[in-house]
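> Here you go, sequence then predicted model.
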Amino acid sequence: MRPETGKTDAPVSNDEMSIRLWSDGHSFPELPKGPLTVELLGRKTVLVPADLFRAGLAESFLAWSGLACDASERAVWSDERAGRVAVMAVAEQAFGRLPQEVRFSSPLLRMSEQPQSLVLELHEDLLYIKLLRGSELTLAEAVRAAGEADVLYYVGELARIASLKGLTLRLSGAEAAGLRTVLKSQFKRIVCE
């Protein structure tokens, strides 16, 4: 028993780690014990409504989105979250050290879904984008973005095809503060999460 809380239950381990595909899926020294959730950072990611998702169609969902798996990749999918399943392409060689019962996730699943918002999360050269009109998700995408100039370009393209007026910009990730400075003239309300 821990004297400060009086709790006697053992902590549940659900370690999370990120495997970066550009380092061949070997960015971790050893695997944690217990349930393992791997958050995949990769451009080939699509969100599918949970009621439409079927495991046998995972590769097809990617192909229909123009993100087909190549010969060295396979499709994996997340557990359902908020009525959606993330389907992702991952290099076969990334599976060499993973246990059989690994679960997968994507930044698109954990990014905020507040009504009337544009949500951006930058991970090195990958920009995750979610656009919510009202409370309806109208865009969820992962694109290559080498830096702030690319982020400005994508936001400009979004503004060209869909009005961003009145939306809250929600930023997350290590580069959130820098992006806030770059984008502050385009949004009245910016939240760093």
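Arrived safely, thanks for sending. Numbering: from 1, shown residues only.

> how's this structure carved up into domains?
What the record gives for the chain is the domain set 15-107, 111-192, from automatic domain parsing.

> Tell me the secondary structure at residue 60.
Secondary structure, DSSP: H, G, I helix; E, B strand; the rest coil: residue 60 is helix.

> What is the neighbour count of it?
Residue 60: 13 surrounding residues under other Cβ atoms under 10 Å. C-beta coordinates here come from the backbone N, C-alpha and C atoms, glycine included.

> phi, psi of residue 161?
As for residue 161, its main-chain torsions (degrees, to the nearest 10) stand at phi -100, psi -20.

> Now do the contacts for the residue nearest the centre of the chain.
The chain has residue 107 as the residue nearest its centroid, 1.8 Å off, counting by Cα atoms, centre = their mean. With contact set as Cβ atoms under 8 Å, 6 or more residues apart in numbering, residue 107 has these partners: 39, 41, 121, 123, 128, 142.

> Turn those residues into TSV, including secondary structure, neighbour count and pLDDT.
As requested, the contacts of residue 107 are exported to TSV (DSSP: H, G, I helix; E, B strand; the rest coil; neighbours: other Cβ atoms under 10 Å; pLDDT from 0 to 100):
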residue	secondary structure	neighbour count	pLDDT
39	strand	19	89
41	strand	20	89
121	strand	24	93
123	strand	19	88
128	strand	24	94
142	strand	24	93
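
> Closest one to residue 162 out of those residues, please.
Ranked by distance to residue 162 (Cβ to Cβ), these are led by residue 128 at 17.2 Å.

> my guess is that closest one meets residue 110, correct?
No: using Cβ atoms under 8 Å, residue 128 is not in contact with residue 110, being 9.8 Å away.

> how about residue 104, what does it touch?
Per Cβ under 8 Å, 6+ apart, neighbours of residue 104: 37, 38, 39, 40, 76, 77, 78, 86, 88, 90.

> Got the phi and psi for residue 185?
phi -80, psi -10.

> quick one: stretch 141-152 to chain centroid distance?
14 Å (Cα atoms, centre = their mean, to the nearest Å).

> buried stuff in it?
By 16 or more other Cβ atoms under 10 Å, the buried positions in stretch 141-152 come out as 141, 142, 145, 151.

> Next step: those residues restricted to helices.
residue 151 (DSSP state H).

> need the buried residues of stretch 141-152 in TSV with distance to residue 60, can you?
Output for the buried residues of stretch 141-152, formatted as TSV (distance: Cβ to Cβ, whole Å):
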residue	distance to residue 60
141	18
142	19
145	27
151	31
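
> Can you tell me which of the buried residues of stretch 141-152 is nearest residue 55?
Using Cβ to Cβ, residue 142 is the member of those that lies nearest residue 55, at 21.3 Å.

> so what's the closest one bridging to?
Beta-bridge pairing of residue 142, defined through DSSP bridges, involves residue 128.

> my read: it touches residue 130, true?
No: the criterion here is Cβ under 8 Å, and residue 142 misses it with residue 130 at 10.3 Å.

> what touches both of the two?
residue 108.
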